[in-house]
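Novice: Following is a predicted model, sequence given first.
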Amino acid sequence: GKTAVRIGGGVYYAGIPDIGTGGSLSLNPPVTYSPTQYYGTVATAANSTGLLPPSAFTAAMDQHAKIVTTYHANFEIQRQLGSSTLVSVAYVGSFGRHLGEKINNLNEVPYGAEFLPQHQNPQTNTPLSDNYFAKYLGYGTIPMQIWEGNSSYHSLQVQVTRRFSHGLQYGVVYTRSKEMDYSEGDSTTSGGD
């Protein structure tokens, strides 16, 4: 009657992310179109034969997104010492899976690609704009919302309490914890591919 063991756990699911999580998809092309003319001047703009449309996306979402899931677990042993002192030792853990992350730019050009001979302006021998040889021609930046982040929290929690007895009452608490994550929220940014 002086020892108690407690075990608990839970699995929690977040709903499908809404427009506020992924950003306003209504500002993506073709709704928003912002063409740019390269290598010209204001005086020659009227004579240009065409525009390269590097419209940037505000957000793109993974169409195969998994549901954000959080697992919680705890295990506690509590023991009464004497008539008024209680000692408790517990492990508490929390684990997030399929957390939201943003990849900086799906349309990022490879490092150093600007200096390759095929990406040089033949008239000036200077690098062309990235929009001329990006992965998805005709588009600028494409930030992508993915659901692949993980997080984990582990803690050892120790508590000693003495109920009021003989004019004395006290409590001592110690927590040792470690938290690791690849994503702490839906707007966390990670590198592109």
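Specialist: Happy to help now that I have it. Numbers count the residues shown, from 1 in each chain.
Novice: Would you mind finding the longest strand in this protein?
Specialist: Assignment by DSSP state E gives strand 144-165 as the longest strand of the chain.
Novice: low-confidence ranges in this structure?
Specialist: Counting by pLDDT under 70, the chain contains low-confidence residues at 16-27, 30, 33-42, 44-54, 183-193.
Novice: So which residues of it form helices?
Specialist: Assigned by DSSP state H, the helices in the chain fall at 19-22.
Novice: what about the nearest residue to Arg163 once chain neighbours are set aside, how many residues close to it?
Specialist: Counting by C-beta to C-beta, 6 or more residues apart in numbering, Arg163 lies nearest to Ser84, which is 4.5 Å off, once chain neighbours are set aside. For glycine as for every other residue, the C-beta is placed from the backbone atoms N, C-alpha and C. When counting by other C-beta atoms under 10 Å, one arrives at 14 neighbours for Ser84.
Novice: what's the spacing between Ser84 and Val160?
Specialist: Distance, Ser84 to Val160, using C-beta to C-beta, to the nearest Å: 11 Å.
Novice: What are the boundaries of the strands in the chain?
Specialist: 3-13, 60-61, 69-81, 85-103, 144-165, 168-181, 189-190.
Novice: Which strands and helices lie in contact with the fifth one?
Specialist: Of the remaining helices and strands, those touching strand 144-165 by 3 or more C-beta pairs under 8 Å, 6 or more residues apart in numbering; DSSP states H and E are strand 60-61, strand 85-103, strand 168-181.
Novice: Can I get it as CSV, trimmed to CA atoms?
Specialist: Extracted C-alpha coordinates of strand 144-165, given in CSV (Å, rounded to 0.1, in the frame of the first residue of the first chain):
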residue,chain,number,x,y,z
MET,A,144,7.1,23.6,-50.7
GLN,A,145,5.3,22.6,-47.6
ILE,A,146,6.1,19.0,-46.7
TRP,A,147,5.1,16.8,-43.8
GLU,A,148,8.2,14.8,-43.0
GLY,A,149,9.5,16.5,-39.8
ASN,A,150,10.1,14.6,-36.5
SER,A,151,10.5,15.6,-32.9
SER,A,152,11.1,13.8,-29.7
TYR,A,153,11.2,14.8,-26.0
HIS,A,154,12.5,12.5,-23.2
SER,A,155,12.6,13.5,-19.5
LEU,A,156,13.4,12.0,-16.2
GLN,A,157,11.3,13.7,-13.4
VAL,A,158,12.1,13.2,-9.7
GLN,A,159,9.9,14.7,-7.0
VAL,A,160,10.2,14.5,-3.2
THR,A,161,7.4,16.1,-1.1
ARG,A,162,6.8,16.1,2.6
ARG,A,163,3.3,16.9,3.7
PHE,A,164,2.9,19.3,6.6
SER,A,165,3.9,17.5,9.7
